[in-house]
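*Asks:* model this:
(one chain, ligands or ions: 1)
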Amino acid sequence: EKLKNGLKKTRESITQRIDQLLVSMGKIDEELFEELEEILITSDVGVETTLKIIDDLKLRVKSEKVTDPRQVKNLLKEEITSILSSGDTGLHLNTKPSVIVVVGVNGVGKTTSIGKMCHMLKMQGKKVLVAAGDTFRAAAIDQLEIWAKRAGVDIIKHAEGSDPSAVIFDAIQAAKARGYDVVICDTAGRLHTKKNLMEELKKVFRIISRELPDADIETLLVLDATTGQNAVSQARTFAEATGVTGLILTKLDGTAKGGIIVSIKSELDIPVKFIGVGEKIDDLQPFDAASFAEALFS
Ligand code: GDP
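*Replies:* Below is the predicted model:
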């Protein structure tokens, strides 16, 4: 239900327009496909992905001899479900400790998402330690500490301006010594010094793999759904620099740009693992393609 409410604006942008279109069309023809294409592209599904979806739809309409425009909606829903379904949406955190490195540019909702994940993992009975690896901003450390308290998990922090790798190193030692299950590492997200940022992140990864050579490591990239196609280019940059095992797509509530999730999945093939649908601690949901498509098209 929360998902359905969260996707309200995207649903209005995509589904209501599609409904209106299909009801107004007497038959399935080129004009219908062109209008559908327009709706998908303006809903941030992305040009490349939209063209692929439309091509597939045309094939299915032909091969399944569909004549009623209203049936096109179901075909579209199946098409989008199948794009979103591929890939592994769960977290692999089987070693003790295991590590989640959270990356993303400032403002996308990184701190909030870490807080929500702390809560979620704690509720699953895991002992969680947070490493305040964004040492560039004092406010980032403070905010993270507030979230850690709220979730009831421990935090390792150093002073502002200190070496992020040193924070991560300390957190890993603490995790080994005190039996934590998961270490969640925050990282800096200042994009105006992209090269330095990527070098800093690579150093963090070197420390982790040196100290925990056999650990399960998830690298989760946080993207802000309201930024539309910008999110896709951020995903490309991070995927190339650090590798990304999964995405957290935030602020899906209150945006009409939820179609971006289809674009990202189709163009980059990185699984969406969580979606953010609000500002509160339990407003993070494991991503499920079928429920997402259901909420979008209901
Ligand atoms: P950071 O700079 O990436 O760490 O971003 P923050 O975690 O501080 O979040 C920036 C703003 O986005 C804050 O006001 C958050 O409350 C808000 N935010 C984060 N995630 C969500 C979400 O899923 N939905 C909504 N509506 N707001 C969010």
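
*Asks:* so who does A131 touch?
*Replies:* Taking C-beta atoms under 8 Å, 6 or more residues apart in numbering as the criterion, A131 is in contact with 155-157, 167-168, 170-171, 183-186. For the C-beta atoms, the positions are set from N, CA and C on the backbone; glycine is no exception.

*Asks:* where do the helices sit along the stretch 101-250 of the chain?
*Replies:* Remark: helices assigned in the stretch 101-250 of the chain by DSSP state H, counting those that start in this stretch are 110-123, 138-151, 164-178, 194-211, 229-242.

*Asks:* about what we covered before: apply the buried test to the contacts of A131 and list what passes.
*Replies:* Neighbour counting by 16 or more other C-beta atoms under 10 Å classes 155-157, 167-168, 171, 183-186 among these as buried.

*Asks:* Please narrow the residues you listed to those residing in strands.
*Replies:* 155-156, 183-186 (DSSP state E).

*Asks:* doesn't A256 make contact with E12?
*Replies:* Yes. Using C-beta atoms under 8 Å, E12 makes contact with A256 at a distance of 6.7 Å.

*Asks:* Of these two, give the one with the bigger neighbour count.
*Replies:* Remark: of E12 and A256, A256 carries more neighbours, 19 against 12, as counted by other C-beta atoms under 10 Å.

*Asks:* Per-residue pLDDT of that one, please?
*Replies:* Looking at A256, its pLDDT is 84.

*Asks:* give me every residue that touches it.
*Replies:* Counting by C-beta under 8 Å, 6+ apart, the residues that A256 touches are 9-10, 12-13, 43.

*Asks:* Whichever strand in the chain runs longest - what's its average pLDDT?
*Replies:* Taking DSSP E as the criterion, the chain has its longest strand at strand 217-224. The pLDDT scores in strand 217-224 average 97.

*Asks:* now do stretch 117-130
*Replies:* Averaging pLDDT along stretch 117-130 gives 98.

*Asks:* and what of stretch 21-33?
*Replies:* 91.
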